[in-house]
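[1] Please work out how this folds:
(one chain, ligands or ions: 3)
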Amino acid sequence: MLNNMSFYNFMHKQILVLVALFASTATSYVFFGIVYSSYIIEPLWYLLVLAVSYWGYSLHKSYSKNNYTIKDKEKWLSKLRYFIFLYFSTWTIMFIVYVSRDNIELHYLAIFTQLGVAVVATTILVTEKRLAIFILTSSMLPITIYLVLIGEFYAYVIAILTVVLAWVLLYGSRNTYNYLLRNQFQAYHDYLTKLGNRRYFVELLEDAIKIQKNDGKYMYLFLIDLDHFKTINDTLGHDIGDKLLIEVADRMKMLVKLNNNTVSRLGGDEFCILSAVYKDKNMCLEIAQEFAQELLHVIKRTYIIEEHHLYISASIGVSIIDNPKMTANTLIKEADIAMYEAKSKGRDGVILFNDELSIRIERKLEIERLLHFALEKGEVTLHYQPQMSLNSEIIGCEVLVRWNNEQLGNVGPDEFIPISEQTGFIVELGYYILEESFKTFSEWDKKGINLEQLSINISMRQIFHTTFIEDVSKLCAQYLNQQLSSKIVFEMTETSVAEDISKLIEIMNKIKQLGIRFSMDDFGTGYSSLSYLRQIPINELKIDKSFIIELDDIKKDTNMVKTILNIAKNLGLTVVAEGVETEMQKDFLIKENCTILQGYYFSKPLNREKFEEYVANRLKK
Ligand code: C2E
Ligand code: MG
Ligand code: MG
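    Ligands and ions are numbered 1, 2, ... in the order given. The predicted structure follows:
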């Protein structure tokens with residue numbers, strides 16, 4: 001059935017067309033009444049037309065004024081149908097009056113207007129098939145009966161022609177109706193899964209917001225995104241991907257039907273569900289949680305598609321419709337934010353949108369935006385944290401990036417580095433850090449600040465960027481000589497273990513040809529295995545500070561640090577302990593023969609000037 005928002009808008013406009021048409025043409029009857037000296041019936045009838053016109057006009061007005069929900073609109077439509085039927089019937093009254101008069105000209109006029117009414121009914125009411133048929137019959141039948149009653153040959157022929165005309169009108173209007181129906185289906189549905197599409201869903205949501213506003217009731221909204229769907233598309237092809245989507249949609253449809261919810265496909269592997277209506281917010285929340293778990297369970301059951309056994313999970317973001325000031329798009333955005341949070345928490349889960357999440361996401365977006373201009377505005381600087389030998393001599397430093405934004409203040413690298421990795425800004429930022437570090441290192445060398453190593457953190461995304469090898473080679477050639485290059489150490493974190501190890505090894509080996517060494521940062525916290533450690537060509541391990549902190553606690557096991565030191569020794573690697581804060585930690589590490597120490601015990605990261613002072617003071621001692 002045609003019953004979406006554009007349909008109601010269409011009907012609402014049609015009333016005005018009808019009222020304008022009928023109220024104006026009806027005056028001609030008053031005119032004929034005067035010509036044929038009939039002063040009572042026509043004006044009375046015209047008053048009737050005006051009264052019904054007024055009813056139509058007030059129906060039109062009430063639709064424009066009130067923010068109707070779909071249910072209200074359905075009620076409104078049934079009133080509208082009565083109005084239309086009555087309105088068209090007024091003409092039949094005049095038809096009967098005129099054909100019963102002796103005056104033959106008026107008979108012609110009556111037939112003509114009645115035919116006109118039939119044509120108007122079928123054109124204006126294309127979307128209201130049944131009503132159109134009803135009105136067509138009620139206006140054409142009197143003509144046919146009248147013609148038959150004349151009982152003459154020509155009248156029979158015209159009667160037959162009238163029936164043929166009625167049939168043609170019906171046929172045309174049915175075709176138009178079917179065409180509209182198909183068009184509407186295409187405009188509001190997704191061709192693949194036959195579910196409603198984004199447009200359909202947005203209208204549904206707008207309606208839900210009105211219900212919340214008018215009745216104070218609650219509904220929940222799910223945004224469901226399949227996990228790693230792209231991999232299935234890429235590895236098994238789009239045909240299988242499409243079949244999987246259809247199957248997922250079918251399972252959702254079944255489940256949704258049982259719960260009186262509605263599911264739509266927003267596009268790609270993204271689906272949306274709108275719940276039934278609940279009186280109580282807590283109940284709504286509870287049911288949302290339960291339903292989400294049930295949905296995840298159903299989605300995760302194995303799929304068998306063309307002999308492939310497929311498995312897929314989903315991430316679900318939930319938002320609650322509890323505020324009439326929301327718009328459909330902000331609600332979808334909220335659910336989207338929650339869904340992304342579910343993804344970043346490891347996928348296959350459900351997250352409910354909340355304000356804390358919104359603040360976090362907004363901050364993230366703000367960082368993303370402001371970071372973009374950080375380099376050109378000169379907001380990014382480098383700090384240097386000393387690295388010490390076992391006899392407390394400064395032998396090197398780690399470069400640590402700092403960002404001070406006038407709006408956000410100091411933002412730590414733990415916060416903005418992951419964001420720049422996600423956005424890809426790390427490539428530009430990483431290049432800047434490399435260039436600044438190399439430049440500083442070469443200037444220090446000229447100033448007589450001779451360090452044995454300069455450690456620079458490098459992100460995986462940066463390493464895998466197509467221009468990385470080229471950039472590093474170029475910068476080495478520009479700022480460093482062979483001896484200085486061999487003092488550079490690139491720290492990479494094992495938390496971001498590369499998926500493509502052989503590619504990583506290839507890149508590392510090319511970089512090593514420049515003399516640069518590699519260090520495994522935050523060792524012990526990530527996912528790397530011993531075999532991974534043996535495969536990749538690293539020279540140094542950095543024990544993560546979380547293990548160093550534990551050295552202070554007599555109750556805690558110190559075996560972990562000893563084990564890491566042993567592994568390093570066996571693999572012939574240098575070991576740096578980072579996060580050394582106390583004498584006790586330092587002494588333990590010296591006793592266990594760790595190679596290099598770094599931490600607040602010696603110094604916090606310092607800006608360039610302070611670092612140079614620190615080195616100068618140490619040398620004086
Ligand atoms: P990381 O490479 O493990 O750096 C060590 C972090 O520990 C630094 O934090 C440093 O300030 C802090 N730290 C050093 N000594 C101590 C100590 O004694 N106690 C404690 N509690 N902390 C100590 P920071 O500077 O906030 O950097 C955090 C992380 O951000 C770094 O961890 C690194 O993964 C990343 N990062 C920093 N600079 C860069 C950079 O230039 N490029 C890239 N790609 N990542 C960077
Ligand atoms: Mg580091
Ligand atoms: Mg570290």
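[2] Kindly indicate whether Ser455 is helix, strand or coil.
    Assigned with DSSP: H, G, I helix; E, B strand; the rest coil, Ser455 falls in the strand class.
[3] what about it, neighbour count?
    By other C-beta atoms under 10 Å, the residues close to Ser455 number 29. Bear in mind the C-beta positions are built from the backbone N, C-alpha and C, glycine included.
[4] Ok, Glu592 next?
    16.
[5] That one: what's it in contact with?
    561-562, 565 (C-beta atoms under 8 Å, 6 or more residues apart in numbering).
[6] Arg198 too?
    Neighbours of Arg198 in contact, by C-beta under 8 Å, 6+ apart: 264, 266-267.
[7] ok, those residues vs Thr231, which is closest?
    Gly267 (18.3 Å; C-beta to C-beta).
[8] List the beta-bridge partners for the closest one.
    Going by DSSP bridges, Gly267 is paired in beta bridges with Glu270.
[9] which stretches of the stretch 351-500 of the chain have low pLDDT?
    Within the stretch 351-500 of the chain, the segments meeting pLDDT under 70 span 494-499.
[10] who in it is up against ligand 2?
    Residues of the stretch 351-500 of the chain lying near ligand 2 by C-beta under 5 Å from the ion: 457, 491.
[11] give me that answer again for 8 Å
    Contact residues (C-beta under 8 Å from the ion) of the stretch 351-500 of the chain with ligand 2: 398, 400, 455, 457, 491, 493.
[12] Give me the secondary structure label for the first one.
    In other words, Glu398. Classification of Glu398 using three-state DSSP returns strand.
[13] Identify the residue nearest it in space, chain neighbours excluded?
    In space, Glu398 comes closest to Ser455 once its chain neighbours are excluded; the distance is 4.3 Å by C-beta to C-beta, 6 or more residues apart in numbering.
[14] Give me the buried positions along the lowest-mean-pLDDT helix or strand in the chain.
    Sorting the helices and strands of the chain by mean pLDDT, DSSP states H and E puts helix 530-535 at the bottom, at a mean of 80. Buried residues in helix 530-535, counted by 16 or more other C-beta atoms under 10 Å: 532-533.
[15] which strands and helices sit next to it?
    helix 501-512, helix 559-571 (3 or more C-beta pairs under 8 Å, 6 or more residues apart in numbering; DSSP states H and E).
[16] just checking, next helix/strand downstream of that helix?
    Using DSSP states H and E, the helix or strand that follows helix 530-535 towards the C-terminus is strand 540-543.
[17] Low-confidence bits of this structure, can you list those?
    Applying pLDDT under 70 to the chain flags the ranges 1-5, 494-499, 527-529, 619-621.
[18] Quick one: name the residues of it near ligand 3.
    So far as C-beta under 8 Å from the ion goes, the chain lies against ligand 3 at 491, 493, 521-522, 542, 544-545, 578-579.
[19] all strands of the stretch 401-550 of the chain, in order?
    Along the stretch 401-550 of the chain, the segments classed as strands by DSSP state E, counting those that start in this stretch run 409-411, 453-457, 488-493, 517-523, 540-543.
[20] Of the ones you listed, which stretch is the most buried?
    When you average the neighbours per residue for each of these (mean count of other C-beta atoms under 10 Å), strand 540-543 leads with a mean of 25.
[21] Could I get the CA-only coordinates of that strand as CSV?
    What follows is strand 540-543, C-alpha atoms only, in CSV (Å, rounded to 0.1, in the frame of the first residue of the first chain):
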residue,chain,number,x,y,z
GLU,A,540,67.1,-3.8,21.3
LEU,A,541,64.3,-4.6,23.7
LYS,A,542,62.6,-2.0,26.0
ILE,A,543,61.0,-3.6,29.0
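[22] Turn the strands of the stretch 401-550 of the chain into TSV, columns for distance to Tyr431.
    As requested, those are arranged in TSV below (distance: least, C-beta to C-beta, whole Å):
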stretch	distance to Tyr431
strand 409-411	20
strand 453-457	12
strand 488-493	14
strand 517-523	18
strand 540-543	23
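[23] Mind putting the ones you listed into a markdown table with distance to ligand 1?
    Converted to a markdown table, the strands of the stretch 401-550 of the chain look like this (distance: least, C-beta to the nearest ligand atom, whole Å):
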| stretch | distance to ligand 1 |
| --- | --- |
| strand 409-411 | 10 |
| strand 453-457 | 4 |
| strand 488-493 | 6 |
| strand 517-523 | 5 |
| strand 540-543 | 7 |
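[24] Nearest to Val117, out of those?
    Taking the strands of the stretch 401-550 of the chain one by one with C-beta to C-beta, strand 409-411 is closest: 73.2 Å.
[25] and stretch 581-600, is it in reach of ligand 1?
    Yes. Residues of stretch 581-600 contacting ligand 1 under C-beta under 6 Å from any ligand atom: 581, 599-600.
[26] What are the buried residues along that stretch?
    581, 585-586, 588-589, 592, 594-599.
[27] got the contact list for the strand or helix carrying Leu109?
    Element membership of Leu109, judged by DSSP H and E, is helix 104-124. The contact list for helix 104-124, computed with C-beta under 8 Å, 6+ apart, reads 14, 17-18, 21, 25, 32, 36, 88, 91-92, 94-95, 97-99, 101, 132, 135-136, 139-140, 142-143, 146, 162, 165-166, 169-170, 172-173.
[28] next helix or strand past the biggest helix by length in the chain?
    When the chain is parsed with DSSP state H, its longest helix is helix 153-188. With elements assigned by DSSP H and E, the helix or strand that comes after helix 153-188 is helix 198-215.
[29] I'd like the distance between the most centrally placed residue in the chain and ligand 2.
    The structure's the chain has its C-alpha centroid closest to Asp336; by C-alpha atoms, centre = their mean the separation is 4.7 Å. Asp336 sits 34 Å away from ligand 2, going by C-beta to the ion, to the nearest Å.
[30] Quick one: distance of the longest helix of the chain to the chain centre.
    44 Å (C-alpha atoms, centre = their mean, to the nearest Å).
[31] and this protein, which of its residues are near ligand 2?
    398, 400, 455, 457, 491, 493, 519, 521-522, 542, 578.
[32] do that again at 5 Å, thanks
    Close to ligand 2, as judged by C-beta under 5 Å from the ion, the chain has residues 457, 491, 521.
[33] residues contacting the first one?
    It refers to Asn457. Asn457 neighbours (C-beta under 8 Å, 6+ apart): 398-401, 433, 490-493, 521.
[34] and the residue nearest to the centre of the chain, what helix or strand is that in?
    Counting by DSSP H and E, Asp336 is part of helix 328-344.
[35] After that helix, which helix or strand is next?
    The first helix or strand that comes after helix 328-344 along the chain, using DSSP H and E, is strand 349-352.
[36] out of the contacts of Arg198, which are buried?
    264, 266.
[37] nearest to Asp239, of the contacts of Arg198?
    Proximity of the contacts of Arg198 to Asp239 (C-beta to C-beta) peaks at Gly267, which lies at 18.6 Å.
[38] Which residue does the stretch 251-400 of the chain have closest to ligand 1?
    Closest contact between the stretch 251-400 of the chain and ligand 1, by C-beta to the nearest ligand atom, is at Leu400 (3.8 Å).
[39] What about that residue, how many residues nearby?
    19.
[40] Contacts only, for it.
    Contacts of Leu400 (C-beta under 8 Å, 6+ apart): 382-385, 413, 457, 605.
[41] now do Leu50
    Here Leu50 is in contact with Ala23 (C-beta under 8 Å, 6+ apart).
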